[in-house]
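K.L.:
Could you look at this predicted model? Sequence included:
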Amino acid sequence: MMRNVARFSNIHSWARTYKPHTGPVARLDELKGNGRIYLVQLGEHKAPYSLDDFAQWLHSKYALDVQVLPALAIDQSAWDSERKQYVAELLNGQIKREHPDLSADPNTYLVGFTDADMYSALNIWKFTFTQRYESRFAVISTKEEMQWYNWARAKGGC
C-alpha cells in the first residue's frame, strides 16, 4: 500500500480544486451550457455499445455538441499489477496528456470509456465504474461486472 501512496501522491492536487455540488437541482428549462463534449475509447473495445451511437444520441436528445476522438491504447503505467486493475486517476491523466489542447480549453469536456476494470486510488475504493475530475473530465468503466453491480445496487441488491 505504501508503494501506491507514493506512486499516486500527485493525484491529490486536483482534490483541492474539486468542489462537489451542494445546491438545489436545476429544472430542465434552467439548464444552459456551452462547449463541446469529446468521447474517447481507452483500450480494446468489446462491450455492446458504440461511442459514435452514444454521441449521436446525446446530440439528438439534448442538442449537445459531441465528437468522438480516435481510440487510445491504454498506457501500461496506469496498470496496478498488485491489484490487477487500472488506476482511474492515471487513465484520466493519460487522456489529458494525449489531448493537451483540449484539456486546456475550459469549454471542453473529455470523457474516457474503457472495458477494463479500474479503481480510484484517491478514494481508496476496491473498484469504480466512474470517476470524474475538475467538473470537465471523467473516466467510465463499462466492464460487464460493473454493469451488473450498478444494476444490482439500484435494485437494492448490493
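P.N.:
Yes, it's here.

K.L.:
quick one: low-confidence parts of this protein?
P.N.:
Segments of the chain classed as low confidence (criterion: pLDDT under 70) are 1-20, 47-48, 143-158.

K.L.:
What segments of it are helices?
P.N.:
Assignment of helices within the chain using DSSP state H yields the ranges 2-7, 12-15, 51-62, 88-98, 100-104, 144-154.

K.L.:
ok now stretch 60-76, how far from the chain's centre?
P.N.:
How far stretch 60-76 lies from its chain's middle: 11 Å, per Cα atoms, centre = their mean, to the nearest Å.

K.L.:
Same check on stretch 77-89?
P.N.:
15 Å.

K.L.:
what's the answer for stretch 22-29, then?
P.N.:
23 Å.

K.L.:
Please apply the same query to stretch 56-70.
P.N.:
With Cα atoms, centre = their mean as the basis, stretch 56-70 stands 16 Å off its chain's centre.

K.L.:
Show residues contacting it.
P.N.:
Applying Cβ atoms under 8 Å, 6 or more residues apart in numbering, the set of residues contacting stretch 56-70 from outside is G33, G35, R36, I37, Y38, L39, V40, L51, D52, A55, H99. All C-beta atoms are positioned from the backbone trio N, CA, C, and that covers glycine.
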